[in-house]
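[1] below are the sequence and a predicted model; questions follow.
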Protein chains: 2
Amino acid sequence: MNTGELVELGQQLRVDSVRAAAAAGSGHPTSSMSAADLMAVLLARHFRYDFDRPDHPGNDRFVLSKGHASPLMYAAFKAAGAIDDEELLTFRKLGSRLEGHPTPRRLPWVETATGSLGQGLPVGAGIALAGKRLDRSGYRVWVMCGDSELAEGSVWEAAEHAAYENLDNLTVLVDVNRLGQRGPTRHGHDLDAYARRFEAFGWHAVEVDGHDVDAVDRAYGEAASTKGQPTVILARTLKGKGVEAVQDREGMHGKPLPEADEAIAELGGPRDLRVRVQEPPAGTPHAVPTGQAEPPRWEKGEEVATRNAFGEALTALGTARGDVVVLDGEVGDSTRAEFFAKEHPDRYVECYIAEQQLVATAVGTATRGWVPYAATFAAFLTRAHDFIRMAAVSGAGINLVGSHAGVAIGEDGPSQMGLEDLAMMRAVHGSTVLYPCDANQTARLVAAMADLDGIRYLRTSRGESPVIYGPGEEFPVGGSKVLRSSQQDRLTLLAAGVTVHEALAAADTLAGEGIAVRVIDLYSVKPVDRDTLRRAAEETGCLVTVEDHHPEGGLGDAVLDAFTDGRPVPRLVRLAVRTMPGSASPEEQLRAAGIDAESIAAAGRLLVEQAIVP
Amino acid sequence: MNTGELVELGQQLRVDSVRAAAAAGSGHPTSSMSAADLMAVLLARHFRYDFDRPDHPGNDRFVLSKGHASPLMYAAFKAAGAIDDEELLTFRKLGSRLEGHPTPRRLPWVETATGSLGQGLPVGAGIALAGKRLDRSGYRVWVMCGDSELAEGSVWEAAEHAAYENLDNLTVLVDVNRLGQRGPTRHGHDLDAYARRFEAFGWHAVEVDGHDVDAVDRAYGEAASTKGQPTVILARTLKGKGVEAVQDREGMHGKPLPEADEAIAELGGPRDLRVRVQEPPAGTPHAVPTGQAEPPRWEKGEEVATRNAFGEALTALGTARGDVVVLDGEVGDSTRAEFFAKEHPDRYVECYIAEQQLVATAVGTATRGWVPYAATFAAFLTRAHDFIRMAAVSGAGINLVGSHAGVAIGEDGPSQMGLEDLAMMRAVHGSTVLYPCDANQTARLVAAMADLDGIRYLRTSRGESPVIYGPGEEFPVGGSKVLRSSQQDRLTLLAAGVTVHEALAAADTLAGEGIAVRVIDLYSVKPVDRDTLRRAAEETGCLVTVEDHHPEGGLGDAVLDAFTDGRPVPRLVRLAVRTMPGSASPEEQLRAAGIDAESIAAAGRLLVEQAIVP
């Protein structure tokens, strides 16, 4: 396409954005119009993509970080022939693939769900890292950001990460239209302000008039030819460009144009230009060598921390499966992820203390078919909660591992204790939550989670605990293990992780007092083993849940989930961490929280005696 | 103190850090030793503080962002005479005030809990903002950071925020000791790399040898005299400085020194220098003018969005109470926080799209006695989860408001829907969670939450809903409202927010079929009204919970919480959002999720007929 055609294509994308939002009665046409020329030049001159084969290994990747500008993206899909005009006008309607904010669940040409600002660049950096270090393929990653979202810290985690990793296959287009949702941004049209920041972080920065298609074209070429560092293209644009009534005006964010027909006329009316998008270079899917590896095994009675078992199992899994990638948040010596680094340094990525980038790298590499395990302290995964939430919206398949769970870590105190992580991870749509109590169980679950869908979470513990399962034991996801059981059971103790060992000791105590107690290890917190729970309820009548977690959203709630379909519910007591811990030894912490063997035995005794029922 | 004495004081702080960690058998002496000279000079020459009056309004404020270097902080407290040597050696022991990571719950000289890296600067910026814009007092805020934590995006949200707000009362000391937990940082001792970044963000940067006490002294003076911008002091230091066996060596993070006695000897042995810390300038507590304001009121039957009621009530509260401050995450036009801005612009802070800084500003201003309300979309509060968690560790009293809750927002789709926020906020220790369904209720709760302890969360809705309560109605926190009730009730519907209106419609439908149904509005999700729930269970036998939230951790679990002490549990059905929504109208969304009136009636009918009990 020549200059005149590019200008026309930009106008077409504007018109189609206005039409889509008008048909929907909502949406963000003005945010689409500012970036239309950036999109036109990209699509017609630089993007290499086969819309018939979105999984083509040589395809460039495009991420619309400013996901609210979805009309622009859909208008581009139409210009590329991927959707037709009729579908364009289904925008934001029930059942349409064209959602308010794009998601890969519905559209094959969308890499990652956006709409929570500041996530496109981190995930794009993750894809670019996959291209550079894992796929070792020539595809380029293009991320389109708004200017407002550069206030998000996650953008600067990504900026640091991408420059440090020399991701010269990554280009960020910033649509600097000066106006955020509620008014001007901090820096308005001061492109230099943004350039200084990116350059300080090690990027190549190009400033350009975002409505001069030839200048934009040159900028893209400069980005593609820049070696050794990522490029940011800072484009001066006008929000609502092309329609006088809204152009560069405040108060026009996120609403259809007031007079759509007039606006379309002002833009020169509808067009039907078709873009022949460049073919991607020939590419082959990344090779995934597999090897033979004995999974680690431990003998009953050994004392092993589940975090250590995780590190060893992950290392073996990495030998067996060449698609496993491990990501560290600068705590690999604590989570034991670094065991993997020693064996498979080429598939180990240090993300430093930047948990949002840690999870975004997982999402980005997963889009390219890798199987990422991202590990940090359970407590610090809360830092990436919004990324985990959005990963679920994407339908991404990622493994998250949180170590140092609960008060059982001991002296470090509450800042380092994961006490909300089960609640956070259970509430994620479609998630799996696993919490092993011994080394062999951990090893099995580490391998099993690789093949699940969606967000999979493994919670590990800092301290050593006895191996109670043989190395041959199976632990299906959604299952549980009945560790003590008899016909005389009058009570069931439900535990996971460190509390399994406390529950076993409590059961022994109660047995000594003539109270037969069932003990169930609920290593699969979500999905939970409903059948076994229901049977225990029927046979023993009452339940005690014990968890090293706050009372809300964790194991106790998971157990009750088996009884929320209208069936009779057993009587239940929930033991959990209800106070704010300080520093103390692990044993003192469990006691102070009332989740040690003695507290469990006391609660069980009371419940059996019905002493606490009025 | 002269140069020689400052050097000695630095050594004393090292020795005491080594001694404390040795006594505890854990802790981070090497991370304390690198920053000892920075601390010595600050304490003896620049910090203005009355340790007998930690609430003195003129006091400078110190935040140890690298909270793991707590031995250094405690050694400084000892040098200042605030604690004695005996207490120093209780470090990390059960019941000690000297926790592994410092918290203001236990020590009055600690401003905010740290230990999750990258939070000290954001909170410090919040305190500095309070000093500059609210207290209008001359105190200075000193934040000590590690170099590793500069990888956290939250640091750059704060850097941007502090420079934009011209916080020249803020100084950040970065202890650039080159070594993170598991090895070298990205930039090692390249101070220029950090200086470039901070300068690009608008800071004054000073590079210094962090072990040259005179140079450090000059740097602090330069910081104090810099006007119009915050200052960062980048100090080149050595981890473990002064003890050959550990100095500048990898693998020495987070553990006591191998040979403590030898190390102490190498450092010149114990000392007992006492520092006379400078008196703070005379100061008076900030004036909090109060005024008269009619709280807003609506008549029954009006259609009002609870987010609008929030905005209006907050504005009136701001007139009545001069200590109320409102913080916006660049969505004030959507949350309606901007109503407040129009009346009280001096107490409205635009935090732009930076939710971590939004919450950190709340925590920072709260430490100075202000009553902050921080508002953004409920979905985007997940971005600040770790800050909320740490605010609870601090015992901070802050108000968080999440708008656009649930699928009821309609077309925008899942990225904008708060569907995990109740789970997140309920699992925070000591939190209060409120979810109003009408305008008058919202207004009462907005005012009531100001006086509660801890983290208080208000969930608001985007769309209009009918006013069902009169303006005089009271809504105690921990209470509920029984909206339909009779002796014949065979079922109780439990709802909050948008589902209250659906539940009322369902109750009408069922009443028409001869099934009397109780309806309870659980506007106080935490604490939940246990007595009313238990009565409803006893009197009606079965419960249906209905929530615009994922099934985990929300209203359904809150209801069950009333029955986890061993008492008989009613039969229960939980209706919640179990699928991943797309775009659709609000009504279509409620129906698709199975939480509209029709779905509720169907579930109630089934439960009463016991059809779904096997």
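    In hand now; what should we look at? Numbering: from 1, shown residues only, chains lettered A, B, ... in the order given.
[2] for the stretch 151-300 of chain A, which residues are neighbours of chain B?
    Within the stretch 151-300 of chain A, the residues that sit near chain B (C-beta under 8 Å from any C-beta of the partner chain) are A:151-157, A:160, A:164, A:180-182, A:185-186, A:196-197, A:199-201. Backbone N, C-alpha and C define where each C-beta goes, glycine included.
[3] swap in the stretch 451-600 of chain A?
    For the stretch 451-600 of chain A, the residues in contact with chain B (C-beta under 8 Å from any C-beta) are A:526, A:542, A:550-554, A:556-557, A:560-561, A:563-574, A:580, A:582-585, A:588, A:592.
[4] only whichever of the residues of the stretch 151-300 of chain A next to chain B are buried, select them in ChimeraX.
    In ChimeraX, this line selects whichever of those come out buried by 16 or more other C-beta atoms under 10 Å in any protein chain shown:
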select /A:151,152,153,154,155,156,157,160,164,180,181,182,185,186,196,197,199,200,201
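[5] point out where chain A drops to low pLDDT.
    Applying pLDDT under 70 to chain A picks out residues A:611-614.
[6] let's see it at 90
    A:282-295, A:565-570, A:609-614 (pLDDT under 90).
[7] please parse it into its domains.
    A:3-266, A:303-466, A:481-611 (automatic domain parsing).
[8] and those as TSV, adding distance to residue B:29?
    As requested, those are exported to TSV (distance: least, C-beta to C-beta, whole Å):
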stretch	distance to residue B:29
domain A:3-266	29
domain A:303-466	14
domain A:481-611	16
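[9] looking at the stretch 301-450 of chain A, what residue ends up closest to chain B?
    residue A:415 (2.7 Å; C-beta to the nearest C-beta).
[10] where does the stretch 1-150 of chain A get nearest to chain B, residue-wise?
    Scanning the stretch 1-150 of chain A for proximity to chain B using C-beta to the nearest C-beta identifies residue A:115 as nearest, at 2.8 Å.
[11] how close does that residue sit to residue A:164?
    Per C-beta to C-beta, to the nearest Å, residue A:115 is found 28 Å from residue A:164.
[12] next one: residue A:140
    On the measure of C-beta to C-beta, residue A:140 and residue A:164 end up 19 Å apart.
[13] on that earlier part again, nearest spatial neighbour of the residue of the stretch 301-450 of chain A closest to chain B, chain-adjacent residues omitted?
    residue B:115 (2.7 Å; C-beta to C-beta, 6 or more residues apart in numbering or on different chains).
[14] tell me the contacts of residue A:171?
    A:140, A:141, A:142, A:143, A:220, A:223, A:224, A:230, A:231, A:232, A:233 (C-beta atoms under 8 Å, 6 or more residues apart in numbering or on different chains).
[15] next SSE downstream of the helix or strand where residue A:558 lies?
    Assigned by DSSP states H and E, residue A:558 falls within helix A:555-560. Sequence-wise, the next helix or strand downstream of helix A:555-560 (DSSP H and E) is strand A:571-575.
[16] list the contacts of the helix or strand just after that next one.
    Using DSSP H and E, the helix or strand that follows strand A:571-575 in sequence is helix A:586-593. Residues outside helix A:586-593 that contact it (C-beta under 8 Å, 6+ apart): A:407-410, A:463, A:498, A:502, A:548, A:576-579, A:581, A:584, A:596, A:598-599, B:94.
[17] tell me the gap between stretch A:412-424 and the middle of its chain.
    19 Å (C-alpha atoms, centre = their mean, to the nearest Å).
[18] got it, and stretch A:17-33?
    29 Å.
[19] next, the buried residues of it.
    Here stretch A:17-33 shows A:17-24, A:26-33 as buried, counting by 16+ other C-beta under 10 Å.
[20] tell me which of those residues fall in helices.
    Within the buried residues of stretch A:17-33, residues falling in helices by DSSP state H are A:17-24, A:29-33.
[21] so which residues of the stretch 251-400 of chain A form helices?
    A:260-266, A:306-320, A:332-335, A:338-343, A:355-367, A:385-394 (DSSP state H, counting those that start in this stretch).
[22] what packs against the longest one?
    It stands for helix A:306-320. strand A:324-328, helix A:332-335, helix A:338-343, strand A:398-403, helix A:439-449 (3 or more C-beta pairs under 8 Å, 6 or more residues apart in numbering or on different chains; DSSP states H and E).
[23] coming back round to it: widest-spaced pair of the ones in helices among the buried residues of stretch A:17-33?
    Farthest-apart pair in these is A:23 and A:31; separation 17.2 Å (C-beta to C-beta).
[24] report how many residues lie close to the nearest residue to residue A:252 once chain neighbours are set aside.
    Nearest residue to residue A:252 in three dimensions, chain neighbours excluded: residue A:246, at 4.4 Å (C-beta to C-beta, 6+ apart). Residue neighbour count, defined by other C-beta atoms under 10 Å in any protein chain shown, stands at 23 for residue A:246.
[25] roughly how far apart are residue A:233 and chain B?
    Per C-beta to the nearest C-beta, to the nearest Å, residue A:233 is found 18 Å from chain B.
[26] phi, psi of that residue?
    With angles defined as degrees, to the nearest 10, residue A:233 sits at phi -110, psi 110.
[27] I'd say it and residue A:218 touch.
    No - if you go by C-beta atoms under 8 Å, residue A:233 and residue A:218 don't touch, sitting 10.2 Å apart.
[28] what segments of the stretch 1-150 of chain A are helices?
    A:3-24, A:29-34, A:36-41, A:70-79, A:85-88, A:120-129.
[29] want to throw those helices into CSV with distance to residue B:99?
    Putting the helices of the stretch 1-150 of chain A into CSV (distance: least, C-beta to C-beta, whole Å) gives the following:
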stretch, distance to residue B:99
helix A:3-24, 54
helix A:29-34, 47
helix A:36-41, 51
helix A:70-79, 48
helix A:85-88, 58
helix A:120-129, 33
